[in-house]
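**Q** take a look and give me a structure for this.
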Amino acid sequence: MSVIHPAPPVAGPALRMLGTVCLVLGPVAFAVAEYSAPGASPEDPTAMLAAIGEHSVGAATAIVATLLSAFFLIAGICLLTARRFTRGRVLVASGIGLVLWALLSNTVLLGVNAAFIAMSDPSLDRGQMSTLLGVIGGSPLAPVALSGHGLLVVAFVVLGIGFWRAGLGPRWAGAAIALCGLADVAGGFFGETGDLVGSVLSNGLMIAGFAAEGWFLAREAMRAPAEAVAIPAS
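**A** Next up is the predicted model:
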């Protein structure tokens with residue numbers, strides 16, 4: 001396994017271990033959010049409300065998991081990259097910025113999704129709620145709020161290449177992170193089966209890539225006490 005050792009991290013051992021936990025849990029929470037959300041298309045408001053009403057627990061789980069994934073991923077990536085870089089600085093910084101933008105765009109939708117759960121209540125007029133849902137979907141701001149998924153694909157490509165260039169973790173981990181979003185996009189071109197295969201492959205690459213980065217950070221944390229003892233007092 002080829003690893004280029006970057007400059008020592010700024011964070012202490014305890015924070016590095018926290019970063020490891022975040023890097024492992026973030027992608028897992030992201031996958032839980034994706035598979036818990038109802039699968040109805042937003043292009044059909046009536047079907048979407050019916051799906052949310054039928055799977056309200058899954059919709060609520062997706063909201064909580066999305067929040068947790070954003071928190072864990074942002075914290076883990078920041079703790080992993082809290083160091084001075086000799087290579088890949090621009091790519092890593094750009095990737096972090098894009099990830100923040102994408103995750104914030106996703107969290108903006110959480111309030112809307114919570115409203116959708118309330119709108120799916122059987123006591124409300126389904127026709128009026130479907131009309132309201134269509135009006136919300138037709139808002140000029142809707143494409144901005146919905147840009148998070150596509151932007152996250154670009155963000156992971158840039159971030160993965162940045163990790164690879166900076167020597168943060170094994171080379172294959174950076175490649176896996178860079179390819180995870182592209183696998184999901186590619187699967188969408190091959191119908192429902194391809195979409196499912198692409199989704200499973202995408203989440204598998206993301207979980208494996210970030211877990212390897214977390215293990216890299218944990219190894220640094222475990223080496224830190226020994227390195228501190230080995231340094232003679234001045």
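**Q** helix or strand with the lowest mean pLDDT in this protein?
**A** helix 142-145 (a mean of 68; mean pLDDT, DSSP states H and E).
**Q** could you point out which element follows it?
**A** Using DSSP states H and E, the helix or strand that directly follows helix 142-145 along the chain is helix 148-166.
**Q** can I get the CA coordinates of that following helix in CSV?
**A** In CSV, the C-alpha atoms belonging to helix 148-166 read as follows (Å, rounded to 0.1, in the frame of the first residue of the first chain):
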residue,chain,number,x,y,z
GLY,A,148,-26.6,19.7,-3.4
HIS,A,149,-26.6,16.1,-4.8
GLY,A,150,-24.9,17.1,-8.1
LEU,A,151,-22.5,19.4,-6.4
LEU,A,152,-21.5,16.7,-4.0
VAL,A,153,-20.4,14.5,-6.9
VAL,A,154,-18.1,17.3,-8.1
ALA,A,155,-16.9,17.9,-4.5
PHE,A,156,-15.9,14.3,-3.9
VAL,A,157,-14.0,14.2,-7.2
VAL,A,158,-12.0,17.3,-6.2
LEU,A,159,-11.6,16.2,-2.6
GLY,A,160,-10.5,12.6,-3.5
ILE,A,161,-7.9,13.8,-6.0
GLY,A,162,-6.7,16.3,-3.3
PHE,A,163,-6.3,13.6,-0.7
TRP,A,164,-4.4,11.5,-3.3
ARG,A,165,-2.1,14.4,-4.1
ALA,A,166,-1.6,15.4,-0.5
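**Q** which other helices and strands contact that helix?
**A** With contacts taken as 3 or more CB pairs under 8 Å, 6 or more residues apart in numbering; DSSP states H and E, helix 148-166 sits against helix 89-119, helix 171-187, helix 191-230. (Glycine included, C-beta is placed from N, CA and C.)
**Q** check which residues of it are buried.
**A** Within helix 148-166, the residues that count as buried by 16 or more other CB atoms under 10 Å are 148, 151-166.
**Q** report the distance from it to the chain centre.
**A** Offset of helix 148-166 from its chain centre (CA atoms, centre = their mean, to the nearest Å): 11 Å.
**Q** need the helices and strands packed on helix 148-166 in JSON lines with mean neighbour count, distance to residue 19 and mean pLDDT, can you?
**A** As requested, these are arranged in JSON lines below (neighbours: other CB atoms under 10 Å; distance: least, CB to CB, whole Å; pLDDT from 0 to 100):
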{"stretch": "helix 89-119", "mean neighbour count": "17", "distance to residue 19": "14", "mean pLDDT": "85"}
{"stretch": "helix 171-187", "mean neighbour count": "21", "distance to residue 19": "14", "mean pLDDT": "94"}
{"stretch": "helix 191-230", "mean neighbour count": "17", "distance to residue 19": "5", "mean pLDDT": "85"}
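**Q** from residue 154, how far off is the spatially closest residue to residue 160 that is not a sequence neighbour?
**A** Nearest non-adjacent residue to residue 160, counting by CB to CB, 6 or more residues apart in numbering: residue 178, 2.8 Å away. According to CB to CB, to the nearest Å, residue 178 stands 10 Å off from residue 154.
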